[in-house]
Every structure is written in structure tokens, then in C-alpha cells.
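Asker: could you look at this predicted model? Sequence included:
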Amino acid sequence: MKNILVTGGAGFIGSAFVRHMVAAYPEYNIICYDKLTYAGNLDNLLPVSDEENYQFERGDVADRLTVERVLKRYAIDTIVNFAAESHVDRSILDPDAFIHTDVVGAYILLDEGKKLGIGRFCQVSTDEVYGDIDDGESAEDDRFLPNSPYAASKAGGELMARAYAVTYGMDTVITRGSNTYGPYQYPEKLIPFFTTEAIDDRPLPLYGDGKQIRDWLYVDDHARGVDRVLHDGVSGEAYNLAGENQRYNVEVTRRILEILGKPASLVRHVPDREGHDRRYAMTAAKARALGWKPQFDFDVGLQATVNWYLENEWWWRKIKKGEFLDFYRQQYAERLATSES
């Protein structure tokens, strides 16, 4: 590896990976490729913007001509694909964007990479491809049962990576991360959304009874996991990156309020979203066998995350305008009108 293209590198997890790789591997050239949609933010990359082994290129992963140009310009030998529409709520409102980026985009990257003889392709996916898990933990060879357009589109991207490995012999690996949290996360997801809303003493729209269970993974641990699979993963294999920190959504919400010193009365139980999975859980035995494991305890990571949003209002206040407000009204206004404290 020498010239690594990181697609979706201005997003939440992608930018954490870029920051990690630029610092950890000065001998690599890290080229960040991002369309800069609503969740792509160059502020996420300010810590590495002046580093000699970092470059940024703006473009759509589903734009074949631009992808080809960038791959050739930088003599790319490795692709790590974070590019994705990623919020389940938005996938319910507008599935088209998810198919365009998560499926067509993955296909274009794989196809252009194949033509140019890319050495390794890493597809970054999600635990949501397994669907709702009543008990136990999902393993890498379990069947896919996606229940939202987002999860289905991520499964589609994975299957394209598998097809190119089997049919064309490409060197592909896949990671499936659990719910990720930390600094620089667009404030539509539960932890940054509820943190920033609570800072302003606004109501927190919690879906249903709040007893949905998620497994939480700190973003720096996720970035290190992708790094380890990229370097040491077996070609054609998938690896679960599980945080091993399962929590009820209502429990996480209460802990955020405790850290901020805000009252529980801010919580509003609103009608649940369509097709809302109850529980995700994975085993990370394969990734642990490579030498990776989460380093951040959830309580420590959550405290650090909430503190970051407290200390970096410059970052999120300008985001929570315009497009964000339109989404907020569309997703929560009617629900909050019928909510219960």
C-alpha cells in the first residue's frame, strides 16, 4: 500500500479514519474523496489539512468519470469505501439517494478499481445488515435480514464487493461496525442529536419506549478496526467490529442528561419509526483474532463525547440550520405534537 483513496472521508467515521491514517502512516499518501453532501464536512479534517501526506478531492462515488480520473491521477493502489448515505430515518423518507451512493457507488468504485488493478478494496458496512436480533450475537456468516432501505443498500454494497472478489478475483475485505459515536458526528444521530438539543433545553424525541438495544463503538476504535482489517484481513472475508457495549436507547439518553445536569423531563416518548429494529448485537471474535479490540469503555467515551459537543459549539451550531431544520420538522414535528413525557 502506498496511495490510499478514502471515499466518504469527510464524513463522521471516514474523517476519523483519515485522521488516524495520516498520523499513523506518514509513508502513505491518503487521498480523501467526498461529495460533501449535508453530512460531509471539511471541518472534520482540519487537524490534518496541512499534513504533506493528505490530499482532498471532491466528487461522487457514483460518477464514473471523476472516479477514474482521481484513481489515475494519484496512482491509487488501495480503496477504503466509507461513502454512504447512513441515517435510517432519511432512508425511509428518500430511499433513492441510498441506492445511488451505497449500491451504485460501491459498484462504480469496484469496477474502476478492477480495471486499474487496485491491490485491495475495503468495503465499510454496518451491523444493520443482519437485521433485528432477538438474542445471541450475529457472526459474519449469518444471513442478511435488512429491515430498512439503508440496511438493504449497505447489504447491496457488500454483495457487490463479494461478487467482484469471486468473479474477478479482486482482493476485497469487508468490515461491519456497530453503532458508532464520538466527536464530529452529524447531529441527527441519537447521541449528538440529544446532546445538542439538551444543551439548549429542547425536547428529546425518543422513539417508542426507548428499549431498543444498540451496541456502541467509539469512533477511534472503529477507525483502528478498519485499519487492522485493511492490513491483516484475509481476502474475501468480512469482519465484525463490535463495541461490546450494549445499551437501551433510553439508558443512553438518561446518561447524557446526567452528564449535562439536565432534567429527565426533556425526554418525550414519540411514535416509533417504521420498521425500527429492536436489537443489534455482534460477535467480534474474528477481528479480535487479528489483534483488534475496543479500547474505550462506553461511559468514558460518552463523557468525552458529550464534553466535546459542549466545548465545540462552533462546529455544530452552524450545522443545525437550514437543511437540518427541514429534516427535523419533517421527522419530528408531528411526532412531538403527540408525545408523552
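Answerer: Everything's here; your move. No experiment lies behind these values; they were computed from the predicted model shown. Residues are numbered from 1 along each chain as shown.
Asker: can you give me the helices in the protein?
Answerer: Applying DSSP state H to the chain gives helices spanning 12-24, 64-73, 88-93, 95-98, 106-115, 149-168, 190-199, 219-232, 249-260, 285-289, 298-311, 313-317, 323-328, 334-337.
Asker: the closest residue to A83 other than its chain neighbours and P146, how far apart?
Answerer: Closest residue to A83 apart from its sequence neighbours, by C-beta to C-beta, 6 or more residues apart in numbering: G8 at 3.4 Å. The C-beta positions use only the backbone N, C-alpha and C, and glycine is treated the same way. Separation of G8 from P146 (C-beta to C-beta, to the nearest Å): 19 Å.
Asker: do E27 as well
Answerer: From E27 to P146 the distance is 38 Å (C-beta to C-beta).
Asker: neighbour-wise, which of the two wins?
Answerer: P146 (20 against 7; other C-beta atoms under 10 Å).
Asker: tell me where the model's unsure across the stretch 51-200 of the chain.
Answerer: In the predicted model of the stretch 51-200 of the chain, no residue satisfies pLDDT under 70.
Asker: now do 90
Answerer: 85-94 (pLDDT under 90).
Asker: so where's the stretch 201-341 of the chain shaky on pLDDT?
Answerer: Scanning the stretch 201-341 of the chain for pLDDT under 90 picks out 272-277, 321-323, 327, 330-331, 334, 338-341.
Asker: spatially nearest residue to G182 (excluding sequence neighbours)?
Answerer: Closest to G182 by C-beta to C-beta, 6+ apart is V219, at 3.3 Å.
Asker: coming back round to it: dump the helices of the chain to TSV, plus distance to Y239.
Answerer: As requested, those are exported to TSV (distance: least, C-beta to C-beta, whole Å):
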stretch	distance to Y239
helix 12-24	15
helix 64-73	25
helix 88-93	23
helix 95-98	23
helix 106-115	17
helix 149-168	12
helix 190-199	24
helix 219-232	5
helix 249-260	25
helix 285-289	5
helix 298-311	21
helix 313-317	31
helix 323-328	32
helix 334-337	37
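Asker: nearest to G275, of those?
Answerer: Across the helices of the chain, G275 has its closest neighbour in helix 88-93 (7.5 Å, C-beta to C-beta).
Asker: which residues touch that closest one?
Answerer: Helix 88-93 is contacted by residues 85, 97-98, 128, 148-151, 153, 188, 273-275, 327, 330-331 when judged by C-beta atoms under 8 Å, 6 or more residues apart in numbering.
Asker: with stretch 284-293 instead?
Answerer: Counting by C-beta under 8 Å, 6+ apart, 139-140, 224-225, 228-229, 232-233, 237, 239-242, 244 sit against stretch 284-293.
Asker: from the residues you listed, which two are the most distant?
Answerer: A139 and R224 (21.2 Å).
Asker: quick one: which of those two has more around it?
Answerer: It is R224, of A139 and R224, that has more neighbours when counted by other C-beta under 10 Å, with 20 against 14.
Asker: so the more buried one touches H20, yeah?
Answerer: Yes: contact criterion C-beta atoms under 8 Å: R224 and H20 qualify, at 6.7 Å.
Asker: give me the domain ranges for the chain.
Answerer: 3-181+218-241, 190-214+246-279+299-334 (automatic domain parsing).
Asker: I319 against Q185, yeah?
Answerer: No: in this structure I319 lies outside contact range of Q185 using C-beta under 8 Å: 10.5 Å.
Asker: between the two, who's got more neighbours?
Answerer: Q185 (26 against 18).
Asker: spit out the contact partners of that one.
Answerer: Counting by C-beta under 8 Å, 6+ apart, Q185 touches 12, 191-192, 219.
Asker: change it to 10 Å
Answerer: 11-13, 15-16, 39, 44, 191-193, 195, 219, 305, 308-309, 316 (C-beta atoms under 10 Å, 6 or more residues apart in numbering).
Asker: and if you look at T283?
Answerer: T283 sits in contact with 136-140, 142, 240, 242, 244, where contact means C-beta under 10 Å, 6+ apart.
Asker: may I have the phi/psi pair for it?
Answerer: When read as degrees, to the nearest 10, the backbone of T283 gives phi -100, psi 140.
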